[in-house]
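Q: Pasted the sequence and its predicted model underneath.
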Amino acid sequence: MNRKSLFITIVLSIFAISISACSVFGTQSPEGNITASGTISAESINISPEVSGKVMEIAAQSGQTVSSGDLLFRIDDQILQAQYKQAQAAVDMASASINAAEQQLNAAKLQASRAEQGARLLALQNQQILVTTWSQGVPDSFEQPYWYYQKDEAIAAASFEVDQAKTLVDTERANLEDVQAKASNNDFLKLEQDLANTRARFLIADQTLNQTKLAQDSDILQEMAQKEYDSALADLENYQRKYDQILTSTTAEEILEARAKLAVAEARLQNAKTQLDMMLTGEDSLDVQAANALVKSAQAQVLQAQAGKAQAESALELLQIQLNKSMVTAPDNGTILTDQLQIGELIGAGSIAMTIAKLDVVSLTVYVPEDVYGRIEIDQKVNISVDSYPNKVFSGTVIRIADQAEFTPRNVQTVEGRKSTVYAVEVRIPNSGYELKPGMPADVDFGIVR
């Protein structure tokens, strides 16, 4: 090849490369308009299940148009369904527990109302006693009148006296047991119990004999009752004599004193309780306090039942969420581009099962050189053509023009270098007929003469 032929070949090669570059970054159309080429794209959504399991149903296939909320596929939920039924039964049981607790609460409130009513009636009866008490003189040891202390203070003092009396009774009972233990052995304790038994028998025999004397034609009755009386008296005298023999005079006095102390302590306790009971009137009465305690207990049971129901409902709600996740639905309107599912296969949570594209509006991104960049505007109307529909022109709108070059050559100090700098231009294309598909090559005509 001579030098002239080589020069011609190089020139033709450069010309061919220039033509190829213009077809991508922006050229003149046969009519002289600025055009550029790119690839159709669409907003796509990857569909992944949130739970793992076996695929039981596939409701949509590749190429099918779906609406938001449409079922795409379903994962096996038999175990969840069984758990859901158990949780629902637990909720129903909790509701029944609440009803029962509320009925008990109503009954307790009714009982409390009756107790308060009875306490008020008793308080009315005690009004005269109160007036009489106020009119009474106080013991010489008292310097304050009866009404000096408030009711709650008097009740507190009476309660303290009951506690003190209980302590004294325990002390005196222990003292008596100690004296009895020192007096003799177990024979003495048995003899003392036998004496108590014969005393009780004698009292009953004496009462029975007196009753027979009031009966008509009671000769035979009195005779039998008299025999029982004589026998009881003989036993009493016998055990009394044995008791006296086993004790010395000193021991007898010690036991007598210990029993007297215990008797006085028990009487003090009984009187203290009686005095406290007389003060506990109205809302302070024991009946009202007991009824109010039942109300509080019933209220606690209602709260506990309500808490149990709330817990059961939370478990039910959680299972419902899990059941909903086994039904994978379309998040938006679109067309299924790909699906990778088979009935019966196991699919993991988070794995991509389908891809949905929103084809009602697609986009096309092309690149234009710097010398054309300033002539294109946002919202500019353009025409788009694709190889699949050679006789049809689609309309689009420029929605974005890049602020910076996406390709910058090393040398931009020359006019030729600056012409190689390109900027992205994004075009939105209505696609109501779903004719344009992602991946289609397309040409855009900006309608601007170069």
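A: Great, that's in hand. Residues are numbered from 1 along each chain as shown.
Q: For Ala157, grab the count of nearby residues.
A: By the other C-beta atoms under 10 Å criterion, the neighbourhood of Ala157 contains 13 residues. In this view, the C-beta of every residue, glycine as well, is placed from N, C-alpha and C.
Q: likewise Asp76?
A: Counted with other C-beta under 10 Å, Asp76 comes out at 17.
Q: what does stretch 70-77 contact?
A: Contact partners of stretch 70-77, identified using C-beta atoms under 8 Å, 6 or more residues apart in numbering, comprise 47, 49, 51-60, 66, 323, 326-330, 336, 341, 347, 353-354.
Q: Pull out the buried positions in that stretch.
A: 72-77 (16 or more other C-beta atoms under 10 Å).
Q: Look over these and name the one with the lowest pLDDT score.
A: Within the set of the buried residues of stretch 70-77, pLDDT is lowest for Asp77 (86).
Q: rewinding a little: and the contacts of stretch 70-77, which of them are buried?
A: The neighbour count (16+ other C-beta under 10 Å) marks 47, 49, 51, 53, 55, 58, 60, 66, 326, 328-330, 336, 341, 347, 353-354 as buried among the contacts of stretch 70-77.
Q: Can you flag which of those residues belong to strands?
A: Of the buried ones among the contacts of stretch 70-77, the ones assigned to strands by DSSP state E are 47, 53, 55, 58, 66, 328-329, 336, 347, 354.
Q: quick one: which of these is nearest to Asp277?
A: Using C-beta to C-beta, Gly53 comes nearest to Asp277 of those, at 70.6 Å.
Q: Not counting its neighbours along the chain, what's nearest that closest one?
A: Counting by C-beta to C-beta, 6 or more residues apart in numbering, Gly53 lies nearest to Ile75, which is 3.9 Å off, once chain neighbours are set aside.
Q: partner residues bridging that neighbour?
A: For Ile75, the beta-bridge partners are Val55 (DSSP bridges).
Q: let's number from 31 now, not from 1
A: Sure, I'll start counting at 31 from here, so that last one is Ile105.
Q: where does the stretch 31-180 of the chain have low pLDDT?
A: Low-confidence segments of the stretch 31-180 of the chain, defined by pLDDT under 70: 31-61, 146-170, 172-179.
Q: where do the helices sit along it?
A: 33-55, 108-155, 157-165 (DSSP state H, counting those that start in this stretch).
Q: does the residue nearest to Val452 when sequence neighbours are not counted belong to a helix or a strand, and which?
A: Excluding its sequence neighbours, the residue lying closest to Val452 (C-beta to C-beta, 6+ apart) is Tyr397, at 4.1 Å. Take DSSP states H and E as the rule and Tyr397 turns out to sit in strand 384-399.
Q: by contact count, what packs against that strand?
A: Contact partners of strand 384-399 among helices and strands, from 3 or more C-beta pairs under 8 Å, 6 or more residues apart in numbering; DSSP states H and E: helix 33-55, strand 63-77, strand 364-369, strand 452-460, strand 471-479.
Q: So Pro79 sits against Met357, correct?
A: No - Pro79 lies out of contact with Met357 (C-beta atoms under 8 Å); the separation is 9.7 Å.
Q: OK, contacts around the residue most central in space within the chain?
A: By C-alpha atoms, centre = their mean, the mean C-alpha position of the chain lies nearest to Gln341, the distance being 4.4 Å. For Gln341, the contact set (C-beta under 8 Å, 6+ apart) comprises Ala124.
Q: Would you mind putting the CA coordinates of stretch 357-366 into PDB?
A: This file holds the C-alpha atoms of stretch 357-366, laid out as PDB (Å, rounded to 0.1, in the frame of the first residue of the first chain):
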ATOM      1  CA  MET A 357     -49.700 -13.500  51.300                       C
ATOM      2  CA  VAL A 358     -47.300 -11.500  49.100                       C
ATOM      3  CA  THR A 359     -49.100  -8.800  47.200                       C
ATOM      4  CA  ALA A 360     -48.200  -6.100  44.700                       C
ATOM      5  CA  PRO A 361     -47.000  -2.900  46.300                       C
ATOM      6  CA  ASP A 362     -48.100  -0.800  43.400                       C
ATOM      7  CA  ASN A 363     -49.600  -0.900  39.900                       C
ATOM      8  CA  GLY A 364     -47.200  -2.400  37.300                       C
ATOM      9  CA  THR A 365     -46.200  -5.200  35.000                       C
ATOM     10  CA  ILE A 366     -44.400  -8.300  36.100                       C
END
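Q: Can you report the mean pLDDT over the residues of that stretch?
A: Stretch 357-366 shows a mean pLDDT of 90.
Q: Tell me which residues are up against that stretch.
A: The contact list for stretch 357-366 (C-beta under 8 Å, 6+ apart) reads 75, 77, 79, 90-105, 107, 383-390, 464.
Q: how about 6 Å then?
A: If you take C-beta atoms under 6 Å, 6 or more residues apart in numbering as the criterion, stretch 357-366 is touched by 79, 90, 92, 94-104, 384, 386-389.
Q: for the ones in strands among the buried ones among the contacts of stretch 100-107, which one is nearest Tyr269?
A: Of these, the one sitting nearest to Tyr269 (C-beta to C-beta) turns out to be Gly83, at 89.6 Å.
Q: Distance-wise, check that closest one relative to Ala124.
A: Distance, Gly83 to Ala124, using C-beta to C-beta, to the nearest Å: 30 Å.
Q: Show me the domain layout of this protein.
A: 33-78+382-479, 142-327 (automatic domain parsing).
Q: For the nearest residue to Gln111 once chain neighbours are set aside, pull up the helix or strand it's in.
A: Spatially, and ignoring its direct neighbours in sequence, Gln111 is nearest to Leu353 (7.1 Å; C-beta to C-beta, 6+ apart). Applying DSSP H and E as the criterion places Leu353 in helix 316-356.
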